[in-house]
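**Q** mind folding the following:
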Amino acid sequence: RGLGDVYKRQDLQNFHELITQRVIQQNHGKLLQLKTKIYYSDESDVLLGSYEELLSYNEIKPVISLAVRMTWSYLIKFEDKEYPEKQEIELMIISNPDEKLVEDDEIPVIFPSVGIFRISISHTARTWGSDMEALISKQINSIIKKPSKVYSFLRNNNITIGLIVGGIFLLISLFSVYKYSQNEILYDLDKIKAITTNENLDLKINYILNYLVEIKKGTIAFHNSAYILISFILSLVLGTWVASLASKIKEKSFIILTRKSTEHFEQIKKQDKHKILFFMGSIIISILCSVIGSFIYQYITNIQ
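**A** Have a look, this model is predicted:
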């Protein structure tokens with residue numbers, strides 16, 4: 001589809017239910033608080049103080065949700081400890097790694113994808129911390145979409161693709177020059193042979209005619225050089241254009257928690273389709289330009 005991961009409120013609920021269920025079942029823990037901080041495209045944010053607030057919250061401003069930070073605080077009594085101790089789990093989901101969000105560097109990156117995940121666990125029992133990290137990691141892996149191999153290839157090899165397209169344009173132009181030169185020279189030689197077949201003609205005529213052919217070769221060489229130079233410049237321009245379009249084919253992640261986020265998601269889907277069409281069209285246009293240029297070149301040289 002050209003799009004990366006799409007995270008909705010249900011995904012946040014699933015994280016909460018999964019973590020809380022594991023803590024209660026295995027450790028008889030108690031949830032002290034869940035804080036959810038949502039970051040928006042206008043550089044504002046909102047802090048929700050409970051799970052119930054997360055379920056009922058509805059942002060009315062026309063803003064796009066860019067990131068979510070969820071922080072769970074649990075009170076857990078481990079078997080080897082005398083008193084219950086506070087444990088904290090922090091998970092941050094960022095849809096666009098290029099966005100500079102407040103505090104987004106405080107938690108290390110654990111799961112980079114089209115967007116990124118950051119996980120931090122403050123614990124007093126190392127085994128418990130490792131277990132929770134494995135649990136969250138498994139859940140993250142289950143919702144991350146594998147990146148499109150085609151999109152990744154186009155984006156990562158955009159310069160190579162541009163060079164190939166430019167090279168094809170130049171090769172077609174060079175082939176056209178070669179065919180034109182060969183045809184012109186053979187045509188002139190055939191005319192000379194037809195004239196010089198008469199043995200009564202003076203040998204000097206052959207010399208004059210051959211001299212004229214050499215002049216014609218110089219004219220052809222000039223035309224060819226000018227055409228090759230123009231073709232080389234155009235191949236660079238078209239190759240750069242194709243490479244630029246290929247580099248813009250990127251998968252994106254979305255956190256859809258507002259109406260504006262949904263509209264933004266639908267808009268990006270349409271734009272991605274257009275980018276693919278523009279990229280394919282640029283390759284076709286580049287090849288057509290070389291073919292049309294060859295015909296124009298032959299037409300101009302023939303009428304001179």
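
**Q** lowest-confidence helix or strand of the chain?
**A** Here the helix or strand of the chain ranked lowest by mean pLDDT, DSSP states H and E is strand 109-112, holding a mean of 44.

**Q** after it comes which helix or strand?
**A** On the C-terminal side of strand 109-112, the nearest following helix or strand under DSSP states H and E is strand 116-122.

**Q** which other helices and strands does that next one contact?
**A** Under the contact definition 3 or more CB pairs under 8 Å, 6 or more residues apart in numbering; DSSP states H and E, strand 116-122 sits against strand 85-94, strand 109-112, helix 126-143. All C-beta spots, glycine's among them, are computed from the backbone N, C-alpha and C.

**Q** lowest mean pLDDT across the ones you listed, which one is that?
**A** If those are sorted by mean pLDDT, strand 109-112 sits at the bottom with a mean of 44.

**Q** rewinding a little: of all the helices and strands packed on strand 116-122, which lies closest to W72?
**A** Nearest to W72, of all the helices and strands packed on strand 116-122, is strand 85-94, at 4.5 Å by CB to CB.

**Q** tell me where this structure has strands.
**A** Secondary structure of the chain, counting by DSSP state E: strands at 6-8, 30-40, 45-48, 65-76, 85-94, 109-112, 116-122, 254-256.

**Q** what comes up buried for the longest one?
**A** By neighbour count on 16 or more other CB atoms under 10 Å, the buried set for strand 65-76 is 65-74, 76.

**Q** and what of the third one?
**A** Along strand 45-48, the positions that meet the burial threshold by neighbour count (16+ other CB under 10 Å) are 45-46, 48.

**Q** ok, and the closest non-adjacent residue to the residue nearest to the spatial centre of the chain?
**A** For the chain, the residue nearest the mean C-alpha position is K250 (2.7 Å; CA atoms, centre = their mean). With CB to CB, 6 or more residues apart in numbering as the measure, R155 is the residue that lies nearest to K250, at 5.9 Å, once sequence neighbours are left out.

**Q** residues near the one you found, how many?
**A** R155 sits with 17 neighbouring residues when counted by other CB atoms under 10 Å.

**Q** out of the buried residues of strand 65-76, who's nearest Y151?
**A** Within those, proximity to Y151 (CB to CB) peaks at L66, which comes in at 21.6 Å.

**Q** wait, what's in contact with A246?
**A** Contacts were defined as CB atoms under 8 Å, 6 or more residues apart in numbering; by that measure A246 touches 154-155, 157-158, 161-162, 279.

**Q** at 7 Å instead, please
**A** By CB atoms under 7 Å, 6 or more residues apart in numbering, A246 lies in contact with 154-155, 158, 161-162, 279.

**Q** over to Y74?
**A** For Y74, the contacting residues are 23, 29-32, 87, by CB under 7 Å, 6+ apart.

**Q** okay, and for the stretch 151-300 of the chain, where does confidence drop off?
**A** Within the stretch 151-300 of the chain, the ranges that satisfy pLDDT under 70 run 177-224, 297-300.

**Q** related to what we said a few turns ago, possible to save the strands of the chain as JSON lines with distance to I233?
**A** Written out in JSON lines, the entries for the strands of the chain read as follows (distance: least, CB to CB, whole Å):
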{"stretch": "strand 6-8", "distance to I233": "44"}
{"stretch": "strand 30-40", "distance to I233": "47"}
{"stretch": "strand 45-48", "distance to I233": "50"}
{"stretch": "strand 65-76", "distance to I233": "42"}
{"stretch": "strand 85-94", "distance to I233": "43"}
{"stretch": "strand 109-112", "distance to I233": "40"}
{"stretch": "strand 116-122", "distance to I233": "42"}
{"stretch": "strand 254-256", "distance to I233": "41"}
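
**Q** of those, flag the one that's most buried.
**A** Relative to the other members of those, strand 254-256 carries the highest mean neighbour count by mean count of other CB atoms under 10 Å, namely a mean of 23.

**Q** can you list the residues that contact that strand?
**A** Under the criterion CB under 7 Å, 6+ apart, residues 6-8, 65-68, 93, 95, 261-262, 265 lie in contact with strand 254-256.

**Q** so in that sheet, which strands flank that strand, and in what orientation?
**A** strand 6-8 (parallel) (DSSP bridges).

**Q** that concludes my questions; thank you for your assistance.
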